[in-house]
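S.K.: Take this sequence and fold it.
(chains A and B)
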Protein chains: 2
Amino acid sequence: MEPQLPGSIGTSTSLAIRWGQALFSVASLLFMCVGVQFYAYTSFCFLVTIKGLTIPWSLTLAMVDAYFLFVKRPSHQLQIVLVIVIGDWILSFLPLAAACSTASVSDLMVIEAGSYFCGGKMCSRYRLSAAMACLSWSLSLASALFNLWLLPSLYSNY
Amino acid sequence: MEPQLPGSIGTSTSLAIRWGQALFSVASLLFMCVGVQFYAYTSFCFLVTIKGLTIPWSLTLAMVDAYFLFVKRPSHQLQIVLVIVIGDWILSFLPLAAACSTASVSDLMVIEAGSYFCGGKMCSRYRLSAAMACLSWSLSLASALFNLWLLPSLYSNY
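M.R.: This next block holds a predicted model:
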């Protein structure tokens, strides 16, 4: 049995990180969607699409972590970890793009355009959504890095 | 002597990729800066700052590649490759963020706001700059991946 790297799949740290990702993503989605006409702007639609991809991914992996943690200890198979690492890396680039688009557009709306686009309350909701998306991205980067760190040791055992 | 991975440091592919990065970055910077008041918008300032970081990095590594290619064959030292990989990864996240910010802001300017922000010619220049930044980002992602691929073989040789 190989040593358990903290943060890699099947550890309690990983479970906490996945829950954090899902929570921040859901918060970002709610701030963006509920009662706001987000679909008028391309970058807000992009954020909603990406969050619709990342939330199922985070929840699935949280369930996998919980299974490994409470039911049986993980047997790190190279193929499974490889799929998780590739998925994590793709889902650590896309949310960054979405979060930055949202942040810059809402910043432009507030500072440059004044009340041309949105009232004060709507604008602060867009900004909160962007902040939540950034937090969620930093957590997905963390889990991508932890799982990537696990990969070479699996290769050398293989 | 370990085998030469195409695209890793010290190969002709790597030299071509580095030149492409530098070229697209310079093009993006020129489209953004010359004759346009870019500093009025936060995300455009961000793009210019990031390009000011990536252009020296790409040119330095292009020179290193040329030295390895024409003067002496590379001896892959773990520490050097590690520094290059970490730098490449950081500089593959930041330009993505900058490119997406620029693209979404210029898209918002053109489509949503009509001629509120910029005339047609200025707006198309912002968009060209965003497109060049995206191309430059895809090339830096490529070289980051190639150098990351080299890393495990170095660890096992070490």
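S.K.: use CA for all of it now, contacts and neighbours both
M.R.: OK.
S.K.: Quick check: closest non-adjacent residue to the residue of chain A at minimum distance from chain B.
M.R.: Closest residue of chain A to chain B, C-alpha to the nearest C-alpha: residue A:101 (4.6 Å). Leaving out its chain neighbours, the residue that sits closest to residue A:101 by C-alpha to C-alpha, 6 or more residues apart in numbering or on different chains is residue B:101, at 4.6 Å.
S.K.: show me what contacts the one you found?
M.R.: Applying C-alpha atoms under 8 Å, 6 or more residues apart in numbering or on different chains, we find residue B:101 in contact with A:97, A:100-105, B:43-44.
S.K.: Next one: residue A:89 from residue A:156, what distance?
M.R.: Using C-alpha to C-alpha, to the nearest Å, residue A:89 is found at 22 Å from residue A:156.
S.K.: Below-threshold pLDDT in chain A: ranges please.
M.R.: Scanning chain A for pLDDT under 70 picks out A:1-4, A:35-36, A:38, A:74-75, A:111-121, A:157-158.
S.K.: Around chain B, pick out the residues from it.
M.R.: By the rule C-alpha under 8 Å from any C-alpha of the partner chain, the part of chain A lying against chain B is A:41-43, A:93, A:96-98, A:100-105, A:108, A:112, A:152, A:156.
S.K.: and if we set it to 10 Å?
M.R.: A:40-44, A:92-109, A:111-113, A:116-117, A:151-153, A:155-156 (C-alpha under 10 Å from any C-alpha of the partner chain).
S.K.: ok, back up a step: state the helix or strand in which the residue nearest to residue A:101 lies.
M.R.: Here residue B:101 sits within helix B:78-107, counting by DSSP states H and E.
S.K.: now that helix, how far from the centre of its chain.
M.R.: Helix B:78-107 sits 7 Å away from the centroid of its parent chain (C-alpha atoms, centre = their mean, to the nearest Å).
S.K.: again, but for stretch A:56-64
M.R.: Relative to the chain's own centre, stretch A:56-64 is displaced by 11 Å; criterion: C-alpha atoms, centre = their mean.
S.K.: got a winner among the contacts of residue B:101 for most neighbours?
M.R.: Among the contacts of residue B:101, residue A:102 has the most neighbours (other C-alpha atoms under 10 Å in any protein chain shown), with 31 neighbours.
S.K.: thinking that one is in contact with residue B:104, fair?
M.R.: Yes. At 8.0 Å, residue A:102 and residue B:104 qualify as touching, with contact defined as C-alpha atoms under 10 Å.
S.K.: hey, what's in contact with both of the two?
M.R.: Residues touching both residue A:102 and residue B:104 (C-alpha atoms under 10 Å, 6 or more residues apart in numbering or on different chains) are A:41-44.
S.K.: so what's residue A:30 closest to, chain neighbours aside?
M.R.: In space, and not counting its chain neighbours, residue A:30 is closest to residue A:129: 7.9 Å by C-alpha to C-alpha, 6+ apart.
S.K.: what helix or strand does the one you found sit in?
M.R.: For residue A:129, the host element (DSSP H and E) is helix A:120-157.
S.K.: Going by neighbour count, which residues of that helix are buried?
M.R.: Along helix A:120-157, these residues count as buried under the neighbour rule (16 or more other C-alpha atoms under 10 Å in any protein chain shown): A:122-148, A:150-152, A:154.
S.K.: wait, which of the shared contacts of residue A:102 and residue B:104 is closest to residue B:15?
M.R.: The shortest approach to residue B:15 among the shared contacts of residue A:102 and residue B:104 belongs to residue A:43, at 34.6 Å (C-alpha to C-alpha).
S.K.: how far out from the middle of the chain is the host helix or strand of residue A:48?
M.R.: Counting by DSSP H and E, the element that carries residue A:48 is helix A:42-70. Here helix A:42-70 is found 7 Å from its chain centre; the criterion is C-alpha atoms, centre = their mean.
S.K.: Quick check: buried residues in it?
M.R.: Residues of helix A:42-70 classed as buried under the neighbour-count rule (16+ other C-alpha under 10 Å) are A:42-48, A:50-51, A:54-55, A:57-59, A:61-62, A:65-66, A:68-69.
S.K.: could you list every residue that touches the nearest residue to residue A:91 once chain neighbours are set aside?
M.R.: Nearest residue to residue A:91, sequence neighbours excluded (C-alpha to C-alpha, 6+ apart): residue A:54, at 6.7 Å. Applying C-alpha under 10 Å, 6+ apart to residue A:54 gives the contacts A:21-22, A:25-26, A:48, A:60, A:87-88, A:91-92, A:94-95, A:136-137, A:140.
S.K.: Done for today, thanks.
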